[in-house]
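**Q** Next one to model:
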Amino acid sequence: MNKVVSRCFFIVSIGIWIILSISEPWVLSDENKFLKDFVNHELLNVLGVIMAITLASAANLHLEFNKIEDAASKTFLTNTRGKVKFSAFSMIVIFFLAVVVVVLKSHLATNDISASFINGSAILLILFNLLVLIDLTMLVFSIPPIHKIVTSKDEN
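**A** Next up, the predicted model:
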């Protein structure tokens, strides 16, 4: 999935969230038993596990990039490292925002519309998390074997 598709998908999701929260708040409100039981410590548990595994994977990617650059005797993955760093910090920000959402829910979810906006924002955080995971997964599968990088360097 390229960046344009990801961004369009996320923007459309935001539009659907706003429309549902205003016109049909019961869909995302606490009348939805799953959302009522999920947008609390359970959301933080899920995102915490995903974040821990993903940050470890991002660190592993960084180390692998070091090996690739050492094998090629050349620094050329600066842009890619920046993208991995951005993704890693995005996961941390997502987790922080989820904490804010969970805390705010206990204070602001006084009616169906406010609960719908809060629960919907939690769904959007999970969606954004998923898009970051897709981006990192695509990156991992696009890394060529080290011998191909060294061979292409020797040919130049």
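
**Q** all contacts plus neighbour counts: C-alpha atoms, from now on.
**A** Fine.

**Q** What about residue 18, how many residues nearby?
**A** Residue neighbour count, defined by other C-alpha atoms under 10 Å, stands at 17 for residue 18.

**Q** and what of residue 11?
**A** 12.

**Q** For it, pull up the helix or strand it's in.
**A** Per DSSP states H and E, residue 11 falls inside helix 3-23.

**Q** so how far is that helix off the chain centroid?
**A** Distance of helix 3-23 from the chain centroid (C-alpha atoms, centre = their mean, to the nearest Å) equals 15 Å.

**Q** can I get the CA coordinates of the very next helix or strand once past that helix in CSV?
**A** Downstream of helix 3-23, the first helix or strand assigned by DSSP H and E is helix 33-38. Below are the C-alpha coordinates for helix 33-38, written out as CSV (Å, rounded to 0.1, in the frame of the first residue of the first chain):
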residue,chain,number,x,y,z
LYS,A,33,-20.8,-3.6,23.9
PHE,A,34,-17.5,-4.4,22.3
LEU,A,35,-16.4,-0.8,22.2
LYS,A,36,-17.6,-0.1,25.7
ASP,A,37,-15.5,-3.0,27.0
PHE,A,38,-12.5,-2.4,24.7
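
**Q** which residues touch helix 33-38?
**A** The contact list for helix 33-38, computed with C-alpha atoms under 8 Å, 6 or more residues apart in numbering, reads 28-30, 119.

**Q** Mind giving me the packing neighbours of whichever helix or strand comes after that helix?
**A** Using DSSP H and E, the helix or strand that directly follows helix 33-38 along the chain is helix 41-72. Under the contact definition 3 or more C-alpha pairs under 8 Å, 6 or more residues apart in numbering; DSSP states H and E, helix 41-72 sits against helix 78-108, helix 112-142, helix 146-155.

**Q** among those helices, which is the most enclosed?
**A** Ranked by mean neighbour count, the helices and strands packed on helix 41-72 are led by helix 112-142 with a mean of 19 (mean count of other C-alpha atoms under 10 Å).

**Q** relative orientation of that helix and helix 3-23 in degrees?
**A** Relative orientation of helix 112-142 versus helix 3-23 (axes from the mean of the first three to the mean of the last three C-alpha atoms, to 10 degrees): 170 degrees.

**Q** what's helix 112-142 packed up against?
**A** With contacts taken as 3+ C-alpha pairs under 8 Å, 6+ apart, helix 112-142 sits against helix 3-23, helix 41-72, helix 78-108.
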